[in-house]
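[1] Below are the sequence and a predicted model; questions follow.
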Amino acid sequence: SIQRQATDMVNHEQYGLQRIARLSPGAKAATEFSTLLVIQPRHIVSADKTSDSDNKVMKLVNSDEDAVDGVSTIDNYFTYPLVVQGHLSDTDVQLHLIYDSGYLDEAEMTILAGQLENVVHQLVQFSSGDQTLAEVTLAGPTDIQKALQWSSSDLGATRLDVNGVATPTFQSHVEHQGILRPNSPAVQSPDGTLTYGQLNSLSQALAGHLKRNGLVQQGDFVPLCLDRTFWIPVAMLAVHSVGAAFVLSDLDAQSSDAKRVFRDVGARSILCLRNHVPAELTLLGLNVVELSGEILHRGQGNLNAPVNANSVSHVLYPASEDGQPSKGLVMEHLPTCAAQLQLRDSLGLTSQDRVANLAATNSEIFVSEIMTTLMSGATLCMPPTSTALANQGLLQYLNQADISWAILSSVQASALQPSDLPKLRGLVI
């Protein structure tokens, strides 16, 4: 029975987190939480057993305040940056979010509280049993409204960019950088270095080749089956020049997954490195375009197709954590460009920076590293595929390549010390 189970648990209730952490590595990891949820009857923590007059579901309490309904705050009692208390009564439930302002500011807590309130309301409305947890959304009306405001502000800024680029495309910004600094290094990769002038010339030559031979047309979706090479930004720009969208997927995926991706986007042609064409791709009946220096002699001229701000820039098929086929993420030109400009400005990237290109080749971070860097006039640095991007291998590469900006995972960053990276001035985790 429930009563018997509760009685049997009494002997273990005060075992303590320190003892639990010593049981096993998994148990230790489970105790390293920073948020505490406490549910208890309101009369235990408050003399007032009636509902508040304003009937708010949420109440924010800064740790600098002295008390919350008779309960000591973090300074005097709790050791966690965030404590969520659920106070139950016969008529309602109130959630009190007690937070340490040394870790979280009021703006962040207001957003978190709003999202939690939105989820709670949905769960209450789902009490009929007709819905599933998968239908619960984190973002509420306030979040959506803010996103619309930010998007509207950013899109307006994109049309009147400070660099004088009026059209909201990645390609137009890179072309502008080619005019400003044609001889500055744009991409440094294991297979060579391209200046901004060379990057634009090679991408236009590839675009001409694709267009003249009917390999890619405006509105097409073109998979890029490329490893870390300077051909990736060249191909991105060339595909955009024709008025098409590029597609990035997991290079290590099974051939069945590749077939599904190509079928999803209706691909007619795929771009690969010469002598690096996967055998299974030749059996799919697609046009396989092998990239090499000979392309410089095959196409020329400015073939920029008119680009609608709402047309598709690229599609991503990120690797799924559960091994199931992932869904494609469709990204349009205008919001993509606006996001990269905002990232460029917030990071303070300049043409003097050297940015590491370390993310997985089928992730939005990978695209962001390329676009933001080249739209800033900075140098994109691609490590050799064989480089072990962890611990000493990563440290050695960052120093040898004179990297000044990098986006790293928390695991990668935890193995580095600031003193070991004297040239790194910016890090995004």
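    Yes, it's here.

[2] Do a quick rundown of the strands in the stretch 301-429 of the chain.
    312-316, 329-332, 354-356, 379-381, 405-407, 426-428 (DSSP state E, counting those that start in this stretch).

[3] Just put these in CSV and tack on mean pLDDT, mean neighbour count and distance to residue 396.
    For glycine as for every other residue, the C-beta is placed from the backbone atoms N, C-alpha and C. Rendered in CSV, the data for these read as follows (pLDDT from 0 to 100; neighbours: other CB atoms under 10 Å; distance: least, CB to CB, whole Å):
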stretch, mean pLDDT, mean neighbour count, distance to residue 396
strand 312-316, 93, 22, 30
strand 329-332, 90, 15, 33
strand 354-356, 95, 22, 12
strand 379-381, 97, 26, 13
strand 405-407, 92, 23, 14
strand 426-428, 87, 15, 17
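
[4] and of those strands, who's closest to residue 111?
    Between residue 111 and the strands of the stretch 301-429 of the chain, the shortest separation by CB to CB is 20.2 Å, and it involves strand 426-428.

[5] Could you measure from residue 105 over to residue 426?
    22 Å (CB to CB, to the nearest Å).

[6] Same check on residue 402?
    Counting by CB to CB - residue 402 and residue 426 are separated by 13 Å.

[7] Check residue 212 too.
    42 Å.

[8] and if you look at residue 341?
    Distance, residue 341 to residue 426, by CB to CB: 17 Å.

[9] now swap in residue 217 and tell me
    Taken as CB to CB, the span from residue 217 to residue 426 is 40 Å.

[10] Could you do residue 186 as well?
    19 Å.

[11] again with residue 1
    Relative to residue 426, and taking CB to CB, residue 1 is found at 60 Å.

[12] And for residue 122?
    On the measure of CB to CB, residue 122 and residue 426 end up 39 Å apart.

[13] Same check on residue 170?
    21 Å.

[14] For residue 39, grab the count of nearby residues.
    11 (other CB atoms under 10 Å).

[15] What of residue 12?
    When neighbours are counted by other CB under 10 Å, residue 12 registers 8.

[16] swap in residue 359?
    Neighbour count of residue 359, defined by other CB under 10 Å: 17.

[17] which stretches of the stretch 51-200 of the chain have low pLDDT?
    51-78, 127-129, 147-168 (pLDDT under 70).

[18] Please apply the same query to the stretch 201-350 of the chain.
    Checking the stretch 201-350 of the chain against pLDDT under 70 turns up 250-256, 276-283, 296-307, 319-325.

[19] Helices of that one, start to end?
    Remark: helices assigned in the stretch 201-350 of the chain by DSSP state H, counting those that start in this stretch are 231-242, 255-265, 333-347.

[20] buried sites along stretch 207-218?
    Buried residues in stretch 207-218, defined by neighbour count with 16 or more other CB atoms under 10 Å: 207, 208, 209, 210, 211, 215, 216.

[21] before we move on, what about stretch 111-123?
    112, 113, 114, 115, 116, 117, 118, 120, 122.

[22] quick one: the third one and residue 139 touch, right?
    I take that to be residue 114. No - if you go by CB atoms under 8 Å, residue 114 and residue 139 don't touch, sitting 9.3 Å apart.

[23] and stretch 215-223, how far out from the chain's middle?
    25 Å (CA atoms, centre = their mean, to the nearest Å).
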